[in-house]
Structure formats: structure tokens, C-alpha cells
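# sequence first, then the predicted structure:
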Amino acid sequence: MPNKNYFGFEFAKIAVAAISDVKTDVKYCGELLRDWDVVLDFATPGFENASQSTYLIFVNDILKYAGEYSGTFQERWLLRRNGLSYVWHSENDFRMQRILKAEDAPEISIWLCVDPTLAAPDGERWNINMALEQRIIMEHQPEWNKRGRIKPTTGSSFHEIIASKNTL
């Protein structure tokens, strides 16, 4: 399975977006949208049930979006209809559709962090999918990300301040 590495975290390619001949109707911003046709073809059935992680969208090999979700990937991204997994996630769905309908359309792929956890000081594993998403956005500035473009802090961390004051 193809993989990529960001900040020591492994991401696996779980799906490729495609245009389906089988269309469905969906609502977007209260309006009925007829003939929606963007679906995900999963590399392995069951990947859509992956819980709480960070995901990346690539067009060809260019990172376009970083996101995270709680629950499962399917709950965040998909409408299950007609035996297919229709993409129904955000306004980026329309970007994906335009790209896929272009002549010589590039590949749009979805990558999921295999294990977005770190060990806490007590040894417990903590899911840091939100922090990982933010780090990727800050470092790589994916074109489709509007939110999350947090500027690096200019202050000192609290533990540095305490250490400099010798107060603990």
C-alpha cells in the first residue's frame, strides 16, 4: 500500500475519487442538487470505517487539503447510496468534481494517518489528529484549506518561562 510520511506519522492511500455513471440527488445549503456523481473507490473495503484520524487530499502528488475527523471517515465524508460511497464532505467536493470532469483529469487521492497517537507521560496513548492537522496546514499551507492557517506563536511556552524564573 502506498504511504507518505509527515512529521514521523505514516499516511496510507485509502481511496481515489472518481466520477460515477450512477448519480444521486443531495441537498447543499438547503437546495436540492440533482445528479451528484463524485464517489470514492476504496483500496480495501472497510477503510471507510476508520475512526478519528487526520486525512490528506492530493491532486496527483500535490497536497491540496489537510483535515481531521472524530467518529469514522464514512460519517465525515460519505453518503452511502446505490451501493456506492458518494463524497459529501464540504465545498471541496465541487472542486473535486470540476477536476475529475476535466479532460485528462489528474488523480485525486485520499490518505489517512495510520496511527495519529502519541504516548503521554503516563504511557497512555493520546489521539492528536487535530494537532497533526494543524501542523501540516501551518507547514505546508495546502491551497484548499481556509481555516487552520494559524500563525506560529510569538510568545514563550509556559514551561520555558517557569524554567527561566526557577519557580518550580
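Structure's in. What do you need? Numbering: from 1, shown residues only.
# mind checking the end-to-end distance for stretch 31-50?
End-to-end span of stretch 31-50 (CA to CA, to the nearest Å): 30 Å.
# quick one: mean pLDDT over it.
The average pLDDT within stretch 31-50 is 92.
# ok, and for it, which residues are buried?
36, 37, 38, 39, 40, 42, 47, 48, 50 (16 or more other CB atoms under 10 Å). (C-beta placed from N, C-alpha, C; glycine too.)
# cool, stretch 94-106 as well?
95, 96, 97, 99, 100.
# what's the answer for stretch 19-28, then?
Neighbour counts over stretch 19-28 (16+ other CB under 10 Å) mark 23, 24, 26 as buried.
# hmm, back to that, and which of the buried residues of stretch 94-106 is nearest to residue 145?
Using CB to CB, the shortest approach to residue 145 within these belongs to residue 95, at 12.1 Å.
# where does this protein dip in pLDDT?
Scanning the chain for pLDDT under 70 picks out 148-153, 167-168.
# how about the helices in it?
73-77, 92-101, 129-140, 158-165 (DSSP state H).
# pull the longest strand from this structure.
Counting by DSSP state E, the longest strand found in the chain is strand 9-28.
# for the buried residues of stretch 19-28, give me JSON lines that also has distance to residue 54.
Formatted as JSON lines, the buried residues of stretch 19-28 follow (distance: CB to CB, whole Å):
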{"residue": "23", "distance to residue 54": "31"}
{"residue": "24", "distance to residue 54": "28"}
{"residue": "26", "distance to residue 54": "26"}
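# which ones are touching the residue sitting nearest the centre point of the chain?
Centroid check for the chain by CA atoms, centre = their mean gives residue 55 as the closest residue, at 2.7 Å. Contacts for residue 55 (CB atoms under 8 Å, 6 or more residues apart in numbering) come out as 66, 67, 68, 69, 73, 110, 111, 112, 113.
# of all these, which two lie farthest apart?
66 and 73 (14.3 Å).
# residue 23 against residue 33, yeah?
No: Residue 23 is beyond contact range of residue 33, at 10.3 Å (criterion: CB atoms under 8 Å).
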